[in-house]
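Trainee: need coordinates for the below:
(4 chains)
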Protein chains: 4
Amino acid sequence: MPNLYDRIQGRNTERLAALSDGIFAVAMTLLVLELHLPSAGQIHGEGELLAALGALGPQWLAYLMSFLTLGIFWAGQQTQLNHIGEGTRDLTWIHLGFLFAVTLLPLSTRLLAEFITYRSALLIYWLNILALGAMLYWSWTHATHANLIKPDTPEEVRASICKRILIAQSLYALGAALCVINSWASIAAVFLVQLNYAIAPQLWRRKHA
Amino acid sequence: MPNLYDRIQGRNTERLAALSDGIFAVAMTLLVLELHLPSAGQIHGEGELLAALGALGPQWLAYLMSFLTLGIFWAGQQTQLNHIGEGTRDLTWIHLGFLFAVTLLPLSTRLLAEFITYRSALLIYWLNILALGAMLYWSWTHATHANLIKPDTPEEVRASICKRILIAQSLYALGAALCVINSWASIAAVFLVQLNYAIAPQLWRRKHA
Amino acid sequence: MPNLYDRIQGRNTERLAALSDGIFAVAMTLLVLELHLPSAGQIHGEGELLAALGALGPQWLAYLMSFLTLGIFWAGQQTQLNHIGEGTRDLTWIHLGFLFAVTLLPLSTRLLAEFITYRSALLIYWLNILALGAMLYWSWTHATHANLIKPDTPEEVRASICKRILIAQSLYALGAALCVINSWASIAAVFLVQLNYAIAPQLWRRKHA
Amino acid sequence: MPNLYDRIQGRNTERLAALSDGIFAVAMTLLVLELHLPSAGQIHGEGELLAALGALGPQWLAYLMSFLTLGIFWAGQQTQLNHIGEGTRDLTWIHLGFLFAVTLLPLSTRLLAEFITYRSALLIYWLNILALGAMLYWSWTHATHANLIKPDTPEEVRASICKRILIAQSLYALGAALCVINSWASIAAVFLVQLNYAIAPQLWRRKHA
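Mentor: From the prediction side, this is the model:
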């Protein structure tokens, strides 16, 4: 088994970051391709056009949710990589696993938009979010044990990254569990969790500053 | 609320720039996919082929307009980020909002190309441009208040960036308002504003240099 | 023949890396577009939805295999470029040939997913993997002969890169040869080789550490 | 007219390079989407599958030609940007024009593959190549006049870049002109010119070294 080769592989976290930015960029933009606009032949007036666009409502919602999700996990991965000095072969493959879950998100989003009242579609969407969180958690614990974290990273930062993932994933799991009661309640809860991570802290901080 | 985590998030403006370049690159290239070429079975001679390509006229126009728009806002975002030293969590999310509007542009372009005589299609296209401008304006005012701008940035540069956005958006709004009179007049006006920002200043400068 | 121009061309391995990351990112994400989800009209219950998703089995397998393949070769190319100081025109074109094989992988994957029991589909898939390995091998031998490898690269690293490619390609060839007996046995063998390069060494190392 | 703003715009050639790499990466990979594979229902044996793949011949040829073209112009743009120290607003827009022609190449390639015996399809393809060359020529003359070229660039390098573009474009024009006689002769000539820039100089140099 070429152990030497494994030692020299995957050192370059900058290229990992560049590949990640590329995959996130394509996934974020591909989502739009799923939004099927009405064609000119079907529409006979301004009112009909607006009505047809409004009927795409669930798809817009799913699109916005997925963009938020991708944004949240892009920011989360970036925060980790900023604190990791040098990569390893294993870290590279953990992140490739993370990126695999990223490429699946346009698919599970499309599934959710098409079957928005189906519990299985919602659970698959949640499993995708769970996989994203689990890979990032694994990445950070691996980086901790393999001594890859930059020495100037304060102790409380190290702990806060794991805590953050656990809290967020608990909220997502609670939201997804609501689908036992009602699919729409569950989607609303997941959406609120996402908005919270994107927007709410800013408002909260202003109030308490 | 994990305030520490929020402080360490989004510091890396280089990764924000890389994600932005990726999203702009995909959006600029995706636009071409909307141009549906005639297939070999429908065409029976050189003349028919040229006629069929000519009939795609409104789509070519919409494509060119959108490429110009994306180019203008790509250059605008780049100019801002060049003068911003370090990012924050909030700045990251403002720019993710900006990028969300970028991913919508291929969609509103497709809508405009399909419904080029509909006022609502034109207004949606203009709302997209307005959103792009508003997010960039917000980004710069946020960077100003949060002291993120590089200290070597001269005072007049700081002011010129906001002024530039306000003037451009006023011209776009005037152009869009023309659709009360006529859709084509409105499109022509928006197109001229875009050409002005891409090409005209160069000619103007040469004359007065 | 403009020899001077050839000497100044292709020096920048960073741009080669950036183009490569972009092409890998698009290829990895495009693969998902091939997975055709059922539409809402065809499905009448949760059970039917899960059954329809299960029926996409061969496509999921092909997708996972191809993501693994792209990940393996991305890591392989990165390892080489990390040890190459400056590029040349020839090295650039060898890597463009490598990237051409990368862009073909979504296509041969689609072919394999559609014709998973056809030997010719499997052989074309294998030829694609062979082309990827051959170009990387050529790249390293060229870099060795043209003195492009960074001087601080130890002698055993230089040898291990070629050995690694030869062993991996021998295993792929053996796996592909199994298709004389049975297509599925052959796919299983290729899949195991890929998993070995992505995951197994880690387990192996832990046991023997 | 906000002249100050124009002066601070477009300075960052690294972001221009990153956007270019992204657009080239998407364009190179998108080309593959145009290759329509046969579906399982149409094929009833190994022989039929190979025959169906063989029937895609003109499309494979067009794909290979376009990948070569994109590779040639990517290398050409990279060579220029390596020698340019700082960008300007005008240089940015010249390169955005160049990138616009890059995004059109998948389209003119698709046109050529669909209408490979039509002179107008070939002429449009050639016009696309001409536009790519013209923008690069403009970029270099602009960089020369605006004093953007790095001071350590030798005089003969400056001249060789323009000469290279002129010779290549003359050969392309000659190849395209052959379509007066025969479309296939013309395609063959353009293809040979491209191969010459990608591969031949290497063989030539070896012979004369």
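Trainee: where are the low-confidence patches of chain A?
Mentor: Under the criterion pLDDT under 70, the flagged ranges of chain A are A:1-11, A:34, A:200-209.
Trainee: now with 90, please.
Mentor: Along chain A, the model assigns pLDDT under 90 to residues A:1-15, A:29-66, A:79, A:81-90, A:106-123, A:125, A:145-209.
Trainee: how about the strands in it?
Mentor: For chain A, applying DSSP state E gives no strands.
Trainee: residues contacting residue A:194?
Mentor: A:65, A:68-69, A:72 (C-beta atoms under 8 Å, 6 or more residues apart in numbering or on different chains). The C-beta positions use only the backbone N, C-alpha and C, and glycine is treated the same way.
Trainee: list the contacts of stretch A:109-120.
Mentor: The contact list for stretch A:109-120 (C-beta under 8 Å, 6+ apart) reads A:31, A:34, A:58-59, A:61-63, A:65-66, A:121-122, A:124-125, A:179, A:183-184, A:187, C:37, C:39-40, C:43, C:46, C:49-50.
Trainee: correct me if wrong: residue A:107 contacts residue C:35.
Mentor: Yes - the pair formed by residue A:107 and residue C:35 meets the contact definition of C-beta atoms under 8 Å, at 6.0 Å.
Trainee: more neighbours, the two?
Mentor: Shown here are residue A:107 and residue C:35; by other C-beta atoms under 10 Å in any protein chain shown, residue A:107 has more neighbours (20 against 17).
Trainee: that one: what's its closest spatial neighbour, skipping adjacent residues?
Mentor: Distances taken as C-beta to C-beta, 6 or more residues apart in numbering or on different chains put residue C:32 closest to residue A:107, at 5.3 Å, once the chain neighbours are dropped.
Trainee: buried residues in stretch A:175-186, which are they?
Mentor: Applying a neighbour-count criterion of 16 or more other C-beta atoms under 10 Å in any protein chain shown, one finds A:175-176, A:178-179, A:183, A:186 buried in stretch A:175-186.
Trainee: and whatever residue of chain A ends up closest to chain C, how close does it get to residue D:25?
Mentor: In chain A, the residue that lies nearest chain C is residue A:22 (2.7 Å; C-beta to the nearest C-beta). Separation of residue A:22 from residue D:25 (C-beta to C-beta, to the nearest Å) stands at 7 Å.
Trainee: what touches both of the two?
Mentor: Common contact partners of residue A:22 and residue D:25 (C-beta under 8 Å, 6+ apart): C:21-22, C:25-26.
Trainee: need those in TSV with neighbour count and distance to chain D, can you?
Mentor: Output for these, formatted as TSV (neighbours: other C-beta atoms under 10 Å in any protein chain shown; distance: C-beta to the nearest C-beta, whole Å):
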residue	neighbour count	distance to chain D
C:21	28	8
C:22	32	3
C:25	30	7
C:26	30	4
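Trainee: among these, which ones are in helices?
Mentor: For the shared contacts of residue A:22 and residue D:25, the ones inside helices are C:21-22, C:25-26, with DSSP state H as the criterion.
Trainee: quick check: the farthest pair among the contacts of residue A:194?
Mentor: Greatest spacing in the contacts of residue A:194, by C-beta to C-beta: A:65 and A:72 (10.6 Å).
Trainee: what's the closest residue in space to residue A:130 that isn't next to it in sequence in contact with, if anything?
Mentor: Nearest in space to residue A:130, with sequence neighbours left out and distances taken as C-beta to C-beta, 6+ apart, is residue A:169 at 6.6 Å. By C-beta under 8 Å, 6+ apart, the contact set of residue A:169 is A:129-130, A:133-134, A:137.
Trainee: now residue A:137. Nearest residue, chain neighbours left out?
Mentor: residue A:165 (4.9 Å).
Trainee: how about the contacts made by that neighbour?
Mentor: A:76, A:133, A:136-137, A:140.
Trainee: cool, residue A:135 as well?
Mentor: Counting by C-beta under 8 Å, 6+ apart, residue A:135 touches A:94-95, A:97-98, A:101.
Trainee: can you get me a residue count around residue A:20?
Mentor: Going by other C-beta under 10 Å, the residues that sit close to residue A:20 add up to 27.
Trainee: may I ask you to confirm that it is in contact with residue A:76?
Mentor: No - between residue A:20 and residue A:76 there is no contact under C-beta under 8 Å: 11.2 Å.
Trainee: returning to what we had before: and the ones in helices among the shared contacts of residue A:22 and residue D:25 near chain B, which?
Mentor: C:22, C:25-26 (C-beta under 8 Å from any C-beta of the partner chain).
Trainee: need the contact list for residue A:67.
Mentor: A:28, A:31, B:96, B:100, B:103.
Trainee: show me what stretch A:176-185 is in contact with.
Mentor: Stretch A:176-185 is contacted from outside by A:116-119, A:122-123, A:126, A:186, A:189-190, using C-beta under 8 Å, 6+ apart.
Trainee: now, which of the residues you listed lie within helices?
Mentor: Those of these mapping onto helices are A:119, A:122-123, A:126, A:186, A:189-190, per DSSP H.
Trainee: among those, which one is most surrounded by other residues?
Mentor: Counting neighbours by other C-beta under 10 Å, the top entry in those is residue A:190, with 26 neighbours.
Trainee: now that residue: how far from residue A:178?
Mentor: 9 Å.
Trainee: equivalent analysis for residue A:68, please.
Mentor: In terms of C-beta to C-beta, residue A:68 sits 18 Å off from residue A:178.
Trainee: identify the residues contacting the nearest residue to residue A:174 once chain neighbours are set aside.
Mentor: Closest residue to residue A:174 apart from its sequence neighbours, by C-beta to C-beta, 6+ apart: residue A:189 at 7.0 Å. Residue A:189 makes contacts with A:174-175, A:178, as judged by C-beta under 8 Å, 6+ apart.
Trainee: gap between the residue of chain A most remote from its centre and chain B?
Mentor: Centroid-distance maximum for chain A: residue A:44 at 39.3 Å, with C-alpha atoms, centre = their mean. Distance of residue A:44 to chain B, computed by C-beta to the nearest C-beta, to the nearest Å: 11 Å.
Trainee: ramachandran angles for the closest residue to residue A:151 other than its chain neighbours?
Mentor: With sequence-adjacent residues excluded and distances taken as C-beta to C-beta, 6+ apart, residue A:151 is closest to residue A:85, at 7.9 Å. When read as degrees, to the nearest 10, the backbone of residue A:85 gives phi -80, psi -60.
Trainee: residue A:85 against residue A:147, yeah?
Mentor: No - contact criterion C-beta under 8 Å: residue A:85 and residue A:147 do not qualify, at 9.2 Å.
Trainee: quick one on the thing from earlier: just to be sure, which of the contacts of residue A:189 are found in helices?
Mentor: Counting by DSSP H, the contacts of residue A:189 place A:174-175 in helices.
Trainee: of the contacts of residue A:189, closest to residue B:155?
Mentor: residue A:175 (47.5 Å).
Trainee: so that closest one sits against residue A:193, correct?
Mentor: Yes - the pair residue A:175 / residue A:193 is scored as a contact, 5.6 Å apart, by C-beta under 8 Å.
Trainee: give me the number of residues near residue A:159?
Mentor: 13.
Trainee: what does residue A:48 give?
Mentor: 14.
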